[in-house]
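[1] have a look at this prediction, sequence included:
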Amino acid sequence: MDAKICAALLSQVRETRPLVHHITNTVTINDCANITICAGAAPVMAEAAEESAEMVAAAGVLVLNIGTLNPAQVESMLLAGKRANELGVPVVLDPVGAGATALRTDAVLRILKEVKVAVLKGNAGEIGVLAGAGGKVRGVDSCGLAGDPVETAKACALATGTVVAMTDETDVVTDGERVVLVKNGHAMMDRLSGTGCMASSVVGSFVAVADDPLVGAAAALAAFGRAGEQAAAGARGPYSFRTALFDELYALTPEDLEEEARLEVV
Amino acid sequence: MDAKICAALLSQVRETRPLVHHITNTVTINDCANITICAGAAPVMAEAAEESAEMVAAAGVLVLNIGTLNPAQVESMLLAGKRANELGVPVVLDPVGAGATALRTDAVLRILKEVKVAVLKGNAGEIGVLAGAGGKVRGVDSCGLAGDPVETAKACALATGTVVAMTDETDVVTDGERVVLVKNGHAMMDRLSGTGCMASSVVGSFVAVADDPLVGAAAALAAFGRAGEQAAAGARGPYSFRTALFDELYALTPEDLEEEARLEVV
Amino acid sequence: MDAKICAALLSQVRETRPLVHHITNTVTINDCANITICAGAAPVMAEAAEESAEMVAAAGVLVLNIGTLNPAQVESMLLAGKRANELGVPVVLDPVGAGATALRTDAVLRILKEVKVAVLKGNAGEIGVLAGAGGKVRGVDSCGLAGDPVETAKACALATGTVVAMTDETDVVTDGERVVLVKNGHAMMDRLSGTGCMASSVVGSFVAVADDPLVGAAAALAAFGRAGEQAAAGARGPYSFRTALFDELYALTPEDLEEEARLEVV
């Protein structure tokens, strides 16, 4: 896994424009739609249980995000997720706020049990909770980990049978054996609501075209982080940063990504 | 129908500030509220069946948009739509994703059967599906038409008994007999989520004050398209374009619209 | 109550970063999340009845906003509100559109009856309706008051047993005895959807750290209004104003607020 592969996958997203089917929260749903377009893919949001499984048939990936979950939405996620599994459509799960309430933790565990998830993309607190390794979550924010980040992510990947993409200052992407660290990104991304959700949409866009979900997830985080670095350069505050973040991901070239992706295979 | 009428209707929206009652999707609901303000009208979003029909009584127009529909929302749309018909409040329908799932197509057909719709505003794929003329829809995006755009829009208008406003590079507005082409707009509008939904809100704002829904819809698409042209001038990417799109519609003067509306009556 | 206290409370929000738990509408939910961050606090949105009361336990304040209410959401608000009362977590209520439909007015009256609300933050029309003093509301917009603003706000505070924060060109904050006028703000804030909701989120952020809800609410409105003044300076229209509004609140210093807060104790 190297920067060349990141660049190749970005080109592939742009060329094939996969449909990224989201069942997601109402806080950042617009951000997720627009960042998907800026990554080069096509978003659709279809949540009703009456259509979510049908929509999966046209999709290149299914992104599940529990940011404003309710029991009916979880049922729809299960229906869509199972259909995705039947069709070979990869599933990305963002366990927003897992550990903060029982509803959230239970929903994630149930989805992980009933649906084969390709990539579990969470912050350090959420992944720590799901690894049973002392993650701390307040609301939807990570308050850190008790133990070593790489070991925690690996434990979570082994426990859940997924590729774990744990975002933090350095992102850790692992299937329990292989580990890729992604060092792109900027602190300003934490001063904006929804960057975690957007990261999941970008991961979805790349996983839709990647043969290996680990490689797709790492490349996506490098691309999104690189856009964040570029956006921070001219931003006056969180909202001008936001405008620039979308514009920069849209403008990101495979050439720039190949040069600037900061990956470390450990 | 000429550019002078577009300018006059824009002035009338600004002077009377009609209330535009939306029952709409969660992806672009904020965009719809803000673009309505920028057009010169006043938005309200009231979706619960317990109040949607009551809210209609104060409204100048009802905009129905099925972008994230569910069965309960469709019932509320029907209640509000029937009340709007009783009160003589015009109804605009945006059939987002019709053709992509049975839930969407069926909901549109049911609304069209039970509610008198003044303007059906869809993309080429959606209108093609509703005309039974080989429209192609992937997620919520048009993938084009099998036949001639004008003939398809006319067929849809005659089949549904509405004014059809079909958006594409050239927009086609028709009641099945009269046809107006609107050539304003910019390709950047396709690189932003929600421009189709925003167009419906602007159409609603104009239809609220127009005697003739066909004229109102065409004038609205000219105004919104003109704002898009202006916005594209200085935009660095989709999100700076977005900021400019709202600002430009807000700043659009009747004088500029009279000069720049590109209509063709065929 | 003076500008020094406003500055001290702003510092306190930034230092303690209270969790602001929202049950709110789908139109402006993203704005509320981001403005909370820009104020210096941490937002969380958890609406399902299955988790809303549990989430309150971690929160510094609960903000209830009925902008797109439905009966299930009102039940969740009641559950969370009662739990907040048990835990001593202050509750802020934004009665969006009270007076426009029976569902809205009844929901506000029920919440006020069953939950001890610390601050009731509404526009002039809404507060006029709740005071039984001839408020006029069209959709979610205030169309003004029949009587004197200060007397109306005082009457509403006494009738509801809350601190009333009534926003208008001059904001009136009162517990029925004490009255603080806040004169910060800019007319451009009315040309943007969601500034009322954002104001409630900022009020929540300050009330979470203030000993006295009246002082917290007044300081919050001064801070938010001051950001609006700064933002209007360079804005080309409502959307560039919006970008600047978030950036300016984020950049607002206690020193600037101490100098520029325009309060009048009457």
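    Nice, I can see it.

[2] the residue in the stretch 151-266 of chain A that chain C sits nearest to: what's its closest spatial neighbour, skipping adjacent residues?
    Using C-beta to the nearest C-beta, A:G237 is the residue of the stretch 151-266 of chain A that sits closest to chain C, at 3.0 Å. In short, each C-beta sits where N, CA and C put it, glycine included. Nearest residue to A:G237, sequence neighbours excluded (C-beta to C-beta, 6 or more residues apart in numbering or on different chains): C:D247, at 3.0 Å.

[3] quick one: mean pLDDT for the helix or strand hosting that neighbour?
    According to DSSP states H and E, C:D247 maps onto helix C:238-251. Confidence over helix C:238-251 (mean pLDDT, whole number) is 98.

[4] buried stuff in that helix?
    For helix C:238-251, a neighbour-count test (16 or more other C-beta atoms under 10 Å in any protein chain shown) marks C:238-250 as buried.

[5] can you tell if the helix or strand just after that helix touches chain A?
    Using DSSP H and E, the helix or strand that directly follows helix C:238-251 along the chain is helix C:254-260. No. For helix C:254-260, no contact with chain A is found by C-beta under 8 Å from any C-beta of the partner chain; the gap never falls below 14.1 Å.

[6] given the following helix or strand past helix C:254-260, what are its sheet partners and their directions?
    Later in the chain than helix C:254-260, the nearest helix or strand by DSSP H and E is strand C:263-265. Here strand C:263-265 is paired, per DSSP bridges, with strand C:179-182 (antiparallel).

[7] report pLDDT for the most centrally placed residue in chain A.
    Geometric centre of chain A, nearest residue: A:S200, 2.1 Å, by C-alpha atoms, centre = their mean. On the pLDDT scale, A:S200 is placed at 98.

[8] ok, it to chain B distance?
    Distance from A:S200 to chain B, counting by C-beta to the nearest C-beta, to the nearest Å: 16 Å.

[9] so what angle separates the directions of the helix or strand harbouring that residue and helix A:238-251?
    For A:S200, the element it lies in under DSSP H and E is helix A:195-207. Interaxial angle, helix A:195-207 versus helix A:238-251 (axes from the mean of the first three to the mean of the last three C-alpha atoms, to 10 degrees): 0 degrees.

[10] buried set for helix A:195-207?
    A:195-207.

[11] which stretches of the stretch 101-250 of chain A form strands?
    A:119-123, A:137-138, A:141-142, A:163-167, A:171-174, A:179-182 (DSSP state E, counting those that start in this stretch).

[12] go through these and name the closest to B:A107.
    strand A:119-123 (32.4 Å; C-beta to C-beta).

[13] dump the residue contacts of the residue nearest to the centre of chain A.
    Counting by C-beta atoms under 8 Å, 6 or more residues apart in numbering or on different chains, A:S200 touches A:32, A:63, A:65, A:92, A:94, A:121.

[14] got the contact list for the closest residue in space to the second one that isn't next to it in sequence?
    Right, the one you point to is A:V63. Computed as C-beta to C-beta, 6+ apart, the closest residue to A:V63 that is not its neighbour in sequence is A:G204, at 4.1 Å. A:G204 makes contact with A:20, A:22, A:36, A:41, A:61-63, A:92, A:220 under the criterion C-beta under 8 Å, 6+ apart.

[15] mind checking which of the residues you listed land in helices?
    The helices, defined by DSSP state H, take in A:36, A:220 from the contacts of A:G204.

[16] and which of the contacts of A:G204 is nearest C:R83?
    Taking the contacts of A:G204 together and measuring to C:R83 by C-beta to C-beta, the closest member is A:H22, at 31.1 Å.

[17] from A:G225, how far off is A:E248?
    As judged by C-beta to C-beta, to the nearest Å, A:E248 and A:G225 stand 11 Å apart.

[18] how far away is the residue of the stretch 101-250 of chain A found nearest chain B from A:G228?
    In the stretch 101-250 of chain A, no residue comes nearer to chain B than A:D247, which is 3.0 Å away by C-beta to the nearest C-beta. Remark: distance between A:D247 and A:G228 (C-beta to C-beta) = 12 Å.
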